[in-house]
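Engineer: got a sequence here, can you build the structure:
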Amino acid sequence: DELVSNRQSGSTTVYDANGDEVLAAAVPIVAANRRVVGAVVATGRADGLLADARRAVVDLGIYAAIAFVVSITIAFWGATRLTRGMFDLSQQADRVARGQLRQELTFESDDEVGQLADSFREMTAGLRALVSELDASASDVAATSEQLAASAQEITASTEQVSGAASSIARKASKGAGSS
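Structural biologist: Numbering: from 1, shown residues only. A predicted model of the protein is given here:
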């Protein structure tokens, strides 16, 4: 009575009414002027209400367990997918660091990790092209070096011939100057 007169809802504890265990609850009816003009009182058998409450708690527990298992499964699937992609990218980075540019990255995905894998593939292809250009340039430098070496040998031979001729002229000139 006190709760209802103070505009508050309330309930009783389980009590015995004619040999049955019952539970009662009351909700005040408040008029526009905020005065309590009455109350709605509901009484029910406690065993039925408690059985329904127990079933609701068990159902809630089952639903919570199912939701937990589903969320763990989804989290595990997502984490596995992410870590597999990152592991593949790490392996590719190690291969590129060792200069192994011929092996293609096989990981495919539609998410950010897949975009990063695409960038790795483009980077590896660019590095392969750069290495090919460097090989071609190195071949050109080697060919030019061989040509320069051959030219240097020709110049050395010519210089030796000129030096020999100059020595011969100098000897003849010194013999000619000595005989006069």
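
Engineer: list the contacts for the spatially most central residue of the chain?
Structural biologist: For the chain, the residue nearest the mean C-alpha position is Val113 (5.0 Å; CA atoms, centre = their mean). Shown in contact with Val113 (CB atoms under 8 Å, 6 or more residues apart in numbering): 82, 85-86, 89, 107. Any C-beta I mention is one placed from the backbone N, CA and C, and that applies to glycine too.

Engineer: would you agree Val27 is in contact with Val36?
Structural biologist: No. Using CB atoms under 8 Å, Val27 makes no contact with Val36, being 10.6 Å away.

Engineer: where does the chain dip in pLDDT?
Structural biologist: Within the chain, the segments meeting pLDDT under 70 span 1-7, 178-180.

Engineer: on that earlier part again, what secondary structure does the residue nearest to the centre of the chain sit in?
Structural biologist: Three-state assignment for Val113 (DSSP: H, G, I helix; E, B strand; the rest coil): helix.

Engineer: let the chain start at 615 from now.
Structural biologist: Yes, from this point I'll number from 615; that puts the last item at Val727.

Engineer: in stretch 736-751, what counts as buried?
Structural biologist: By neighbour count on 16 or more other CB atoms under 10 Å, the buried set for stretch 736-751 is Thr738.

Engineer: may I see the ChimeraX selection of the buried members of the contacts of Val727?
Structural biologist: Filtering these down to the buried ones (16+ other CB under 10 Å) takes a single ChimeraX command:
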select :699,703,721
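
Engineer: output the contacts of Val727 in a markdown table, with distance to Ala645 appended to each entry.
Structural biologist: A markdown table is the format used below for those (distance: CB to CB, whole Å):
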| residue | distance to Ala645 |
| --- | --- |
| Leu696 | 61 |
| Gly699 | 66 |
| Met700 | 67 |
| Leu703 | 71 |
| Phe721 | 71 |
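
Engineer: measure stretch 653-664 end to end?
Structural biologist: Start and end residues of stretch 653-664 are separated by 24 Å (CA to CA, to the nearest Å).

Engineer: which residues sit against that stretch?
Structural biologist: The contact list for stretch 653-664 (CB under 8 Å, 6+ apart) reads 618, 628, 631, 634-643.
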